[in-house]
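In: How does the following fold in three dimensions:
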Amino acid sequence: MEPLYGGGALDSLLTTVATSLGVPGMPVPGAHSLVPAAAQRPARRAVVVLVDGLGYELLRTRSGHAPFLRSLLPSAARITAGFPSTTATSMATFGTGEAPGVHGMVGYEVLIPEADRLLNELSWEDGPVPEVWQPVETVFQRAESAGVAVTRVGPAYFDGSGLTRAALRGGRFAAAESLEARVDTTLAALRAAPHALVYLYWGDVDKVGHVHGCSSWEWGEEVASVDAALRRLVASVPPDTAVHVTADHGMVDVPHALRVDIAHDPTLAAGIRHLTAEFRAPHVYCEPGAVEDVHATWTAVLGERATVLRREEAVAAGWFGPVRPENLPRIGDLVVAMHDTFAVVDSRTARPELLALHGLHGSLTEAEMAVPWFVVPARIES
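Out: Sure thing, here's the model as predicted:
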């Protein structure tokens, strides 16, 4: 499934919400726009809820756990995440309104070219200055400059984190831990300002899916809790408030028997300088002069289990959208998109807790790429 930047992907969601609030200068969706008409209706206040890992196909398949969202599915848009379909990349695409090749956060782990080492864009450990690494102004910053009261609601440890500063800076941060507390904090922020944009993040659907699998009963229970909280949120917002619900990616369950471990295959390990721990869509950084040999080996060994593209081929295919020259070296010499429920890992370098995960994401399958965009429009009297 190809990412549909410019009107059918996450890059259009927050910009559309900002436009509905009267923020000027937002990009206009392209000809293939999937932006729902209800999202474009004017509002004085808006809430955007991002449920990490709540893919469209997962929700459709297991909608019995989510009666409220199921009632909204017929009018929901089915948009795409960017590539790779991973949280750090999607957050920057969502937060800036730009494709990964523009904002430069092109993976869970990416190369810092000048340092020749990998950056984990979730933990940001020993990372560069976030505002320098990702300099594009965010939609939250632009909304705040236009006089909209912007509040971001999430766990306390997100406040000032590298990923937050890079992808979601702007406005004020309001810490709340439980889902019920985040809903209450969101409602309070809405009621405190007549012209407001509130962003609410919830990450436990993704966490449960990683640990137990997205086909597990635990996943269903977590989605049921989210569904109930969203029902309460929609019923409680001021009438001039639009509510938007989306996700950053979906997920697939990947049996350990279907994981190719390059630690056990010296032919796959040959010529590699760095391999990122995005098991469904790794960037492969090669030793000088080794790109063609590594490409030939990986293509032959993985066969129908993966698509293996050279950097220039992945860019030409539009996987990252338009790519700024300064961001090009961050992309792997090779970029891999795993098919079906296969994965490629390196047990020599990947952390044991990552290797143990059951549910994974990052690639181009519909289960990973398709995300919902639910809209409950504001009720504004004419």
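
In: When you work out contacts or count neighbours from here on, use the C-alpha atoms and nothing else.
Out: Noted.

In: Which stretches in the stretch 201-350 of the chain count as helices?
Out: 204-212, 217-236, 266-269, 291-302, 311-316 (DSSP state H, counting those that start in this stretch).

In: now those helices as CSV including mean pLDDT, distance to residue 167 and mean neighbour count?
Out: CSV is the format used below for those (pLDDT from 0 to 100; distance: least, CA to CA, whole Å; neighbours: other CA atoms under 10 Å):
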stretch, mean pLDDT, distance to residue 167, mean neighbour count
helix 204-212, 98, 19, 21
helix 217-236, 98, 24, 17
helix 266-269, 96, 33, 16
helix 291-302, 98, 31, 17
helix 311-316, 98, 22, 17
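
In: any chance of the ones you listed in JSON lines, with distance to residue 334 too?
Out: Output for the helices of the stretch 201-350 of the chain, formatted as JSON lines (distance: least, CA to CA, whole Å):
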{"stretch": "helix 204-212", "distance to residue 334": "26"}
{"stretch": "helix 217-236", "distance to residue 334": "33"}
{"stretch": "helix 266-269", "distance to residue 334": "13"}
{"stretch": "helix 291-302", "distance to residue 334": "7"}
{"stretch": "helix 311-316", "distance to residue 334": "5"}
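
In: Point out the one among the ones you listed that comes closest to residue 8.
Out: Using CA to CA as the measure, helix 311-316 is the one of the helices of the stretch 201-350 of the chain that comes nearest residue 8, at 18.4 Å.

In: quick one: which of the helices of the stretch 201-350 of the chain is nearest residue 189?
Out: helix 217-236 (12.5 Å).

In: Other residues contacting that closest one?
Out: For helix 217-236, contacts defined as CA atoms under 8 Å, 6 or more residues apart in numbering pick out 62, 65-69, 179-180, 183, 187, 204-205, 208-209, 212-213, 243, 376.

In: okay, now the domains of this protein?
Out: Annotated domains of the chain cover 10-251+366-376, 256-360 [automatic domain parsing].

In: end-to-end on the first one?
Out: This means domain 10-251+366-376. End-to-end distance of domain 10-251+366-376 (CA to CA, to the nearest Å): 18 Å.

In: repeat for the shortest one
Out: Its first and final residues considered, domain 256-360 spans 11 Å by CA to CA.

In: Repeat that for stretch 134-141.
Out: Taking CA to CA, the first and last residues of stretch 134-141 lie 14 Å apart.

In: Stretch 108-118 too?
Out: End-to-end span of stretch 108-118 (CA to CA): 10 Å.

In: out of the helices of the stretch 201-350 of the chain, nearest to residue 16?
Out: If we rank the helices of the stretch 201-350 of the chain by CA to CA, the stretch that ends up nearest is helix 217-236, at 19.3 Å.

In: Residue 47 belongs to a strand, doesn't it?
Out: Yes. Assigned with DSSP: H, G, I helix; E, B strand; the rest coil, residue 47 falls within a strand.

In: and it, what are its bridge partners?
Out: For residue 47, the beta-bridge partners under DSSP bridges are residue 198, residue 243.

In: swap in residue 260?
Out: Beta bridges link residue 260 to residue 344, judged by DSSP bridges.

In: burial count for it?
Out: For residue 260, the count of nearby residues is 20 (other CA atoms under 10 Å).

In: need the contact list for it.
Out: Contacts of residue 260 by CA under 8 Å, 6+ apart are 342-345.

In: Could you rerun that using 10 Å?
Out: For residue 260, the contact set (CA atoms under 10 Å, 6 or more residues apart in numbering) comprises 268, 279, 301-302, 305, 342-347.

In: How many residues are close by the residue nearest to residue 350 when sequence neighbours are not counted?
Out: Nearest residue to residue 350, sequence neighbours excluded (CA to CA, 6 or more residues apart in numbering): residue 277, at 6.2 Å. Number of residues near residue 277 (other CA under 10 Å) recorded here: 23.

In: where do the helices sit along the stretch 51-200 of the chain?
Out: Under DSSP H, counting those that start in this stretch, the stretch 51-200 of the chain gives helices at 56-61, 67-72, 87-96, 100-103, 130-133, 139-145, 162-167, 179-192.

In: so what secondary structure elements neighbour the fourth one?
Out: Which is helix 100-103. If contacts are counted by 3 or more CA pairs under 10 Å, 6 or more residues apart in numbering; DSSP states H and E, helix 100-103 sits against helix 87-96.

In: Could the C-alpha coordinates of the helix it packs on be exported in CSV?
Out: Extracted C-alpha coordinates of helix 87-96, given in CSV (Å, rounded to 0.1, in the frame of the first residue of the first chain):
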residue,chain,number,x,y,z
THR,A,87,5.5,6.2,15.5
ALA,A,88,8.5,8.6,15.3
THR,A,89,8.0,9.1,11.6
SER,A,90,4.2,9.4,11.8
MET,A,91,4.3,11.9,14.7
ALA,A,92,6.5,14.2,12.7
THR,A,93,4.3,13.8,9.6
PHE,A,94,1.2,14.5,11.7
GLY,A,95,2.8,17.4,13.6
THR,A,96,4.4,19.2,10.7
